[in-house]
Structure formats: structure tokens, C-alpha cells
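Visitor: Dropping a prediction and its sequence here:
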Amino acid sequence: MTDNEDRLSIDEYFLEIASVVAKRATCLRNKVGAVIVRDKRIISTGYNGAPSNLEHCLDIGCIRQQYNIESGTQHEKCRAVHAEQNAIIQAALHGVSTDNATIYCTHQPCILCAKMIINANIKKVIYFSDYPDDEALKFLSDAGIETINFSQEFD
């Protein structure tokens, strides 16, 4: 919040929306939401869950939990499409460019999402919760993408 009033900053506003989007997630381990914004307008949203027309982990259980796979590793052993991936895919499906956009995420992107963010020409990543994948942050930095851990704004 700002010091002298209750009005949310623009970053707080879009992170709050990402938190609401995350409530649609069907992952049993992490509920993640993402909002892609350009010129202070939402162009796409995404949350983590199984691909279209496939059963959700909520219904059949989590493969990663069954095999005790550590968070931030072996991404290929997961039914879910990540929130950032879904937001980028939704923009593509609807013919909306992500060029020079900002993506707001409830969690730091993983390495797979970082690669997609780079190739989608998204220029800024703002997230709230950490994720155990330092390589992703290095990729984003090396690609010249501004990355902000918003939770550190409140330390």
C-alpha cells in the first residue's frame, strides 16, 4: 500500500488480480496465477492446470506428490501447464501480441516459463512468491528482462 492512502499501486493492483486468477488453478501443490499487461491493460491471464480436455490433478491426484518430486525440479513430470505458459498461449490463441508487455505472477517463473517469456518478448516480470529456480532468474537477466520480486518491496 502507499504510505498516505489506501489506493493500490498499479503493480499491487495487477498482482492482486493475478492472485484472483490463481484461485482457478487445479494444481494440488501450488496455485499460481499470471496476468499479462500492456499499456496498463490486461491482455491475457493464465493459471496452472491440466491441458484442455484432460483430467485435472484435483480429480485424479498429483503425479509429483506420488513420486515425492521436489519443487522446482523435473517439470516434465507434471500434468499442469504453468500459469505463465497458459497466459502466453491464450494471447497467441486470440491473436494478441505480448510484445513489450509486463507479466505479473503470483510466483517467480521457472526456467521453462522464463524461456517462453523471453521468446514472447515480454520485457518485465513482477512476481510475489519465490520459486526454487535461480537459473530462471539468470536467464531473464541475461535476456535483459527486468525482474522484480515484489515481496521484497515490503521487507
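Guide: Yes, it's here. All of these numbers come straight from a predicted model, not from anything done at the bench.
Visitor: list the contacts for residue 63?
Guide: Applying C-beta atoms under 8 Å, 6 or more residues apart in numbering, we find residue 63 in contact with 57, 69, 77-79. (Each C-beta comes from the backbone N, C-alpha and C, glycine too.)
Visitor: Would you reformat those as a markdown table and include pLDDT and distance to residue 107?
Guide: A markdown table is the format used below for the contacts of residue 63 (pLDDT from 0 to 100; distance: C-beta to C-beta, whole Å):
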| residue | pLDDT | distance to residue 107 |
| --- | --- | --- |
| 57 | 83 | 17 |
| 69 | 83 | 17 |
| 77 | 77 | 18 |
| 78 | 82 | 14 |
| 79 | 80 | 18 |
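Visitor: from the residues you listed, which would you call buried?
Guide: Taking 16 or more other C-beta atoms under 10 Å as the criterion, what is buried in the contacts of residue 63 is 57, 69, 78-79.
Visitor: Kindly indicate which of those residues lies nearest residue 114.
Guide: residue 78 (16.3 Å; C-beta to C-beta).
Visitor: Show the contacting residues for residue 56.
Guide: Taking C-beta under 8 Å, 6+ apart, one finds 26, 49-50, 79 in contact with residue 56.
Visitor: same check, this time on residue 69
Guide: 63, 77.
Visitor: Now it: which helix or strand?
Guide: Element membership for residue 69, per DSSP states H and E: none, as it lies in no helix or strand.
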